[in-house]
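>>> what's the 3D shape of this:
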Amino acid sequence: METVLNFIQENQQIIYIVILMVFLGIEIIGKVPSVLHTPLMSGANAIHGVVIIGAIIVMGKAEADNYLALILGFLAVILGTLNVVGGFVVTDRMLEMFKKKK
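Numbering: from 1, shown residues only. Predicted structure coming up:
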């Protein structure tokens, strides 16, 4: 418990920034009209590709006994991959609506 409190105390500014980024992201995405969701989803897929690469780098550089970095890196790879695949599926379905029917 003491190590967690020390970690929070040492990284207090970074934690505040992450919390503010979460609230700002929710506000920005909440105000986007429905028409723009398909282009934004394509951009988000590209960003999550970068997240996957970053997570792989974190897992590769982590020490064998640093379970927190390994678990967080693994979760980031899995969740980022699911988000990319799901985003491409949804984007493909939306683009199918604009094709001419035979």
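
>>> Gly54 and Gly80: what is the separation?
9 Å (C-beta to C-beta, to the nearest Å). The way it works is simple: take the backbone N, C-alpha and C, and place the C-beta from them, glycine included.

>>> Over to Asn11?
Taking C-beta to C-beta as the measure, Asn11 falls 23 Å from Gly80.

>>> Report the buried residues of the worst-scoring helix or strand of the chain on mean pLDDT.
In the chain, no helix or strand scores lower on mean pLDDT, DSSP states H and E than helix 37-61, which sits at a mean of 79. Of all the residues in helix 37-61, those buried under the rule 16 or more other C-beta atoms under 10 Å are 38, 41, 44-45, 48, 51-52, 55, 58-59.

>>> What of stretch 81-93?
Under 16+ other C-beta under 10 Å, the buried positions of stretch 81-93 are 83-84, 87, 91.

>>> circling back: could you work out the most separated pair of the buried residues of helix 37-61?
Spanning the widest gap among those are Thr38 and Met59, at 31.8 Å by C-beta to C-beta.

>>> list the helices and strands the one helix or strand Gly86 maps to packs on?
Counting by DSSP states H and E, the element that carries Gly86 is helix 67-96. Contact here means 3 or more C-beta pairs under 8 Å, 6 or more residues apart in numbering; DSSP states H and E; on that basis helix 67-96 packs against helix 37-61.
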